[in-house]
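Participant: I would like the atomic coordinates for the input below:
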Amino acid sequence: MRKLDVVGTVMEAYRGAYSHFLDLVKLVWLPVTIYIIANIAQQAFLQRRLEELQQQDPDSLISVTEAFSLPIVLLMLVGLFTWPMIAVAWHRFVLLGDRGAGAVNFHFGRREAVFLLASIFLVLLALPAFLVAMVSGALADPVSGDTALSFGLAILALVLAIAAVYYSVRLALLLPAVAIGEPLNARAILEITKGNFWRLLGMIILNMLFIMVIAIALNVVGALISLIPGGIVVAIGLQALYIILFQITSVAILSIAYRDLSGMNDGMGMSGAGDVYDR
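Facilitator: From the prediction side, this is the model:
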């Protein structure tokens, strides 16, 4: 059974992001541009919408249906369909050294569709816990509800949530696998990730900690620069840089983990490809 090197995986992802940053952005510059514009616009629309609802009724709780207006939903859909184009291209770059077929790589084909389905599948793993928690909350009223049943359902929701986290972490390596053309085989991924849950989780947490530090630094710099006339453009650019860096490192970490656990770097894995990210 292979063991994942947590620190080594994260460090390689960041070294690769530094040395191949321009290559990765150039590879999918058009979907990246659309994705970033959609994300920044979505955040701006959502913030404005929340402020409007808060001003209308400061004491009321804001529901999801109220917060997500049509423009926000449309921008979310834009991000939903451009992200697979970006992620698949980056996974293939890291794992196979694939640099695309031309200057403009804007393509949503079978690999991107399977990648999107795999992503949705990972998100849906949390759906049972969410639904049980909703029912538990509805029964929590001490006057009209069944508190004993509510407590039991709350425990069940917690168990389901833990199971969802466990399997979503292990099955996250489905994403690099389908990106390079492997079949959507959850059993194969569970086999190669056996005994590596805590390492995979540690890898994700370590990356999040690094990203938080980078985000704080960029936010401070952006806030200072935005005070200068014309500095708002630079501040927006820093926000775009953060989005790109976060996505690159997240993709690279999953790719490297898949490469090492599947044995691609020694020619013994599912695809037999070598290590190309550091080249």
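Participant: and whichever helix or strand Val78 is part of, what does it pack onto?
Facilitator: Per DSSP states H and E: Val78 is located in helix 70-96. Here helix 70-96 touches helix 21-27, helix 29-56, helix 110-124, helix 174-179, helix 231-262, going by 3 or more C-beta pairs under 8 Å, 6 or more residues apart in numbering; DSSP states H and E. Using the backbone N, CA and C atoms, a C-beta is placed for each residue, glycine as well.
Participant: repeat that for 10 Å
Facilitator: When contacts are defined as 3 or more C-beta pairs under 10 Å, 6 or more residues apart in numbering; DSSP states H and E, helix 70-96 packs onto helix 6-19, helix 21-27, helix 29-56, helix 110-124, helix 174-179, helix 231-262.
Participant: now do the buried residues in it.
Facilitator: 72, 75, 78-79, 81-96 (16 or more other C-beta atoms under 10 Å).
Participant: mean confidence score for that helix?
Facilitator: Summarised as a single mean, pLDDT over helix 70-96 is 92.
Participant: do stretch 221-238 as well
Facilitator: Rounded mean pLDDT across stretch 221-238 is 76.
Participant: quick one: end-to-end distance for that stretch.
Facilitator: This stretch, stretch 221-238, spans 8 Å end to end (C-alpha to C-alpha, to the nearest Å).
Participant: repeat that for stretch 130-149.
Facilitator: 16 Å.
Participant: same deal with stretch 19-34?
Facilitator: 24 Å.
Participant: ok, Val78 - contacts?
Facilitator: Pro31, Ile34, Tyr35, Ile37, Ala38, Asn39, Ala41, Gln42 (C-beta atoms under 10 Å, 6 or more residues apart in numbering).
Participant: with Leu158 instead?
Facilitator: Ala129, Val132, Ala133, Ser136 are the contacts of Leu158 under C-beta under 10 Å, 6+ apart.
Participant: run the last query once more with 8 Å
Facilitator: Ala129 (C-beta atoms under 8 Å, 6 or more residues apart in numbering).
Participant: mind checking pLDDT for it?
Facilitator: 95.
Participant: same deal with Ala148?
Facilitator: In this model, Ala148 carries a pLDDT of 75.
Participant: rewinding a little: relative to helix 6-19, how tilted is the helix holding Val78?
Facilitator: 100 degrees (axes from the mean of the first three to the mean of the last three C-alpha atoms, to 10 degrees).
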